[in-house]
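Below is the sequence, then the predicted model.
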Amino acid sequence: MLSYRQRQKLENFWEDSRHLFLWALGLGLLGFLWYFLATTGPGGAVVEVPQEVRADDPRVLKLALEVAELEKQYQVYRAAENTSDSAYGLITQAVNKQRTLVRYSLKGDYAAQRDLERLEAELDTLSAKRTVGSIEDLVKEAEAAQEAKRFEEARGKFEEALRLQRGINSGNAGPRFKNFVRETTLDQSIAGLAVLPLYQEKEASLAKARAAVTEERWVDALAGYVAARDAQERINRDYGRTRYANIGELDLLEGEIASLNAAGLAKQVDAKEKAGDDIARAGDHAAAAGFFVEAVGLQQQINDRFARSRFVSSTRIEELSVKLQTALSQPLAKELAALDRALTNDLRLRRVVAAEARMPRALELTEKLAVDFPRSLSVDNALRVKLNFLVLKRGQLRKIQDDVYDRLLPLIGVTDRLLLGSETPQGLYLLVMNTNPSRNPGRAFPVDSVSWVEAQDFCTRLGWLLGTEVRLPTKEEMQTAVGKGGGEVRSSAEGGRVGATDSGKPNVHGYRALLGNLGEWLQAPPSGDVAEVGGGSYLDTPEALAKFPVERRERVERTRHIGFRFVVILPPDRA
C-alpha cells in the first residue's frame, strides 16, 4: 500500500499532467475517426481505373488504325456534303473507338485527347447539319398548327424544335450552326401558346368595346374595355416574357375606361358652359356666372377622379375661369365703362372740376377689377394706364387744355378738326410727357430729337387729357395749311437757325414755320417701320422748301432737325 507521501505525490502529478493527457486522448480519437471515415466511408470506395498500356501495344495500334480508316471513309462523305446515316455512322464509330484509345493512353499523352475533341466536334457539326432542316420544318409546322388553332400540336412541335436547337447550342458544333436567338424565340413561342387564348379574348373584348363606342352604347363600351383591361393585366403578370405583354397597352385601356367614366361629366361641363354663354349673351351675367361655377367644379372632378381620361384638361379650367370671372366682373366693368365715358365727356367739354371728381372712383374700379378678377376679359389694361395718367395730371388739366386750345387754328375748308398753329413747343411736351428729348433746349422752342413713336404717344396721351382724338397731321392737311401763299421760310442756308414757336411771321392763315425750321412727322398707318417727314427743316434751301419737301424716315429715328405738330378732332357738338 502506498504511503501518504507517495499518494500525495501521485495526486500532484495527476493535477499537473491531466490537461496534457486529455489533449492527447482527444487527438487520438480524432485520428481514429479520420482513419475510420477514410477507409470505410464513401471516399473509401475503390474506383477501377483502366490500366495504362504501352504505345506499341497491339490493341492500341489496332484501334488507331480503325479510327484512321473510319475517319478516312467519313471524309469522302464530308467532301461531298453527304449527311446520310452512313456518314453519321462512320463518324460515330470513330468517336467511340477514339474514346477507348483515350482511356488506354499514358499519362501526359494529350494527342489522343485532342483527336477525340476534333472528332466529337465533327460529329456534333454533322448532327447539327442533319438537325437544322428538321428544326425549320418543325417551326413551319408549329406555326401552321397555331394559325389553325391546333394549339397542342403546335406546342409539341415547338418543344421538339427547341430540344433540337438546345442540343446544337450546347454541343461542339461550329458557330454557324448555333442559334441562341432561335432558342429564345422558340421558348417565347411556347410561352405565347399558353397566353394566346387570353390574348384573343382581350382582342375580342376590345373590338366589342370600340364598336359600342361607335354606336354610343356607353355601358357596353365600358364593359368591353374593363374585360380587355383585366385580360391584359393577367397577360402582363403571368406571361411577362411573351410578346403579348404590353404595359403601354394597359395604360391606354385604363385611359379609355377613365374617359368613359368621365364622359358623362364632360357632357355636363359642355352643357353648363353653353347655358352660361347663352345667358351671358342675353345680358344676365349673374346667372351665367352660376353656370360657369358649376362647369369649373365638374371639370375639376374629372381632373381629380379620372386623371388618365382624355377629358382631363387644365386648359379647360382656365378657359372656364376666364368666362366665370368675366361674368362676375360685369357690374364693375359696366360701372367703370360708364365712368370712363362721363370722364371723357367732361374733359371734352372742358369741365375739369367734374372730371377730377370722377377720377378716384374710376381708378378704384380699375384696381378692384385687376385684383379680384385678373382673368376677366373685362379688365382693360389700357384703360388702367389711361386713368393712372389722368390722376397723375389731375392738377395740370386746366393749364394743359388752355395751352393747347390757345394754339389751335382751324383748317381751311373743314370744321371738324383744328391744327396746332406752330410746331409743338418743348414746354407743352414736357408738361404732358414729363420729359424733354430736345438737343436745342428752350421751353418756347419746338421739341426736337423726337421719334415718330414718341410723337404718336404724345398725341395719345394729349387725347386722354382733352377727351377727344389727337393725331399727327396728314401731308394734305399740312399742304392745306401752307396754302398758295406759303408763309415764312426758315432755312439755315441763309444764315438762319431754329426759331421759337412764337417767333417769325405767320402765313395768311396764322400758321408759323410750316416750311423749314424743323421737319415734322406726318400721320402713318399703325404698323410699319417708316413714316414721312414733311415741310423740310433749317437744313434745306429756300428753293427746296418752296416745294413742300417730304422724305421717309425710320419711325424710331431721332434727329435734332425733326419735330412735329398735331391735329385735334372736334366732337360733333363742338365742330
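That came through fine. Numbers count the residues shown, from 1 in each chain.

ok, G167 - contacts?
S127, T131 (Cβ atoms under 8 Å, 6 or more residues apart in numbering). In short, each C-beta sits where N, CA and C put it, glycine included.

those helices in the stretch 101-250 of the chain, which residues are they?
111-147, 151-170, 180-214, 218-238, 247-281 (DSSP state H, counting those that start in this stretch).

Next: the stretch 401-550 of the chain.
426-433, 452-466, 475-482, 542-545.

Which strands or helices does the second one pack on?
Packing contacts for helix 452-466, counted by 3 or more Cβ pairs under 8 Å, 6 or more residues apart in numbering; DSSP states H and E, involve helix 330-348, helix 381-392, helix 397-407, helix 426-433, strand 470-471.

buried sites along it?
452, 454-456, 458-466 (16 or more other Cβ atoms under 10 Å).

domain ranges for this structure?
262-328, 330-392, 396-569 (automatic domain parsing).

Any idea how far apart the tips of the shortest one sit?
Which is domain 330-392. Criterion Cα to Cα, to the nearest Å; first-to-last residue distance in domain 330-392 is 27 Å.

Quick check: which ranges of the stretch 1-150 of the chain have low pLDDT?
Along the stretch 1-150 of the chain, segments meeting pLDDT under 70 span 1-56, 106-109.

picking that back up, select, out of the helices of the stretch 401-550 of the chain, the one closest to L570.
Closest of the helices of the stretch 401-550 of the chain to L570 is helix 452-466, at 10.2 Å (criterion: Cβ to Cβ).

what's that closest one in contact with?
347-348, 386, 389-390, 393, 397, 400-401, 404, 424, 429, 432-433, 437, 450, 469-472, 521, 524, 531, 553, 555-558, 564, 566, 568.

repeat for stretch 125-140
78, 83, 87-88, 91, 157-158, 160-161, 164-165, 167-168, 171-174, 177-178, 182, 186.

can you do 10 Å?
With contact meaning Cβ atoms under 10 Å, 6 or more residues apart in numbering, stretch 125-140 is reached by 74, 77-78, 81-85, 87-88, 90-92, 156-165, 167-169, 171-174, 176-179, 182, 185-186, 189.

Contact partners for A282?
Here A282 is in contact with A288 (Cβ under 10 Å, 6+ apart).

Just checking, which helix or strand succeeds the lowest-mean-pLDDT helix or strand in the chain along the chain?
Here the helix or strand of the chain ranked lowest by mean pLDDT, DSSP states H and E is helix 4-40, holding a mean of 53. Following helix 4-40 in sequence order, the next helix or strand is helix 58-79 (DSSP states H and E).

helices or strands up against that next one?
helix 85-104, helix 111-147 (3 or more Cβ pairs under 10 Å, 6 or more residues apart in numbering; DSSP states H and E).

how about the CA coordinates for the first one, as PDB?
What it means is helix 85-104. Provided in PDB are the C-alpha atoms of helix 85-104 (Å, rounded to 0.1, in the frame of the first residue of the first chain):
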ATOM      1  CA  ASP A  85     -26.900   7.900 -92.000                       C
ATOM      2  CA  SER A  86     -23.800   6.200 -93.400                       C
ATOM      3  CA  ALA A  87     -21.700   9.300 -92.800                       C
ATOM      4  CA  TYR A  88     -23.200   9.700 -89.400                       C
ATOM      5  CA  GLY A  89     -22.500   6.000 -88.500                       C
ATOM      6  CA  LEU A  90     -18.800   6.300 -89.600                       C
ATOM      7  CA  ILE A  91     -18.100   9.400 -87.600                       C
ATOM      8  CA  THR A  92     -19.900   7.900 -84.600                       C
ATOM      9  CA  GLN A  93     -17.900   4.800 -84.700                       C
ATOM     10  CA  ALA A  94     -14.700   6.800 -85.000                       C
ATOM     11  CA  VAL A  95     -15.600   8.800 -81.900                       C
ATOM     12  CA  ASN A  96     -16.400   5.700 -79.800                       C
ATOM     13  CA  LYS A  97     -13.100   4.000 -80.700                       C
ATOM     14  CA  GLN A  98     -11.100   7.200 -80.000                       C
ATOM     15  CA  ARG A  99     -12.700   7.400 -76.600                       C
ATOM     16  CA  THR A 100     -11.300   3.900 -75.900                       C
ATOM     17  CA  LEU A 101      -7.900   5.000 -77.100                       C
ATOM     18  CA  VAL A 102      -8.000   7.900 -74.600                       C
ATOM     19  CA  ARG A 103      -8.700   5.500 -71.800                       C
ATOM     20  CA  TYR A 104      -5.700   3.400 -72.800                       C
END
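
Flag every buried residue along it.
By neighbour count with 16+ other Cβ under 10 Å, helix 85-104 contains the buried residues 87-88, 90-95, 97-98, 100-102, 104.

again with stretch 355-373
A355, E356, R358, M359, A362, L363, L365, T366, L369, F373.

and if you look at stretch 532-552?
For stretch 532-552, by 16+ other Cβ under 10 Å, it's E532, V533, G534, G535, G536, S537, Y538, D540, A544, L545, F548, P549.

Kindly provide the distance from the fifth one to A544.
Computed with Cβ to Cβ, to the nearest Å, the distance linking G536 and A544 is 6 Å.

Mutual contacts of those two, please.
Contact criterion Cβ under 10 Å, 6+ apart; residues shared by G536 and A544: V489, S491, L515, G516.

Among these, which one has the most neighbours?
Ranked by neighbour count (other Cβ atoms under 10 Å), these have G516 at the top, with 31 neighbours.

So for that one, what pLDDT did the model give?
For G516, the pLDDT comes out at 91.

Tell me, how many residues neighbour the residue nearest to it when sequence neighbours are not counted?
Distances taken as Cβ to Cβ, 6 or more residues apart in numbering put R490 closest to G516, at 3.6 Å, once the chain neighbours are dropped. By other Cβ under 10 Å, the residues close to R490 number 26.

now E233
14.

who's in contact with Y405?
R350, L418, L466, V568.

Can you flag the buried ones in the contacts of stretch 125-140?
74, 77-78, 83, 87-88, 90-92, 156-162, 164-165, 168, 171-173, 177-179, 182, 185-186, 189.

Which of the shared contacts of G536 and A544 fall within strands?
V489, L515, G516 (DSSP state E).

and these as JSON lines, adding distance to G504?
As requested, these are exported to JSON lines (distance: Cβ to Cβ, whole Å):
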{"residue": "V489", "distance to G504": "10"}
{"residue": "L515", "distance to G504": "11"}
{"residue": "G516", "distance to G504": "9"}
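
what's the closest of those residues to A221?
L515 (81.8 Å).

Distance check, the closest residue to the closest one other than its chain neighbours against L472.
Spatial nearest neighbour of L515, chain neighbours left out: L545 (4.4 Å); criterion: Cβ to Cβ, 6+ apart. As defined by Cβ to Cβ, L545 lies at a distance of 20 Å from L472.
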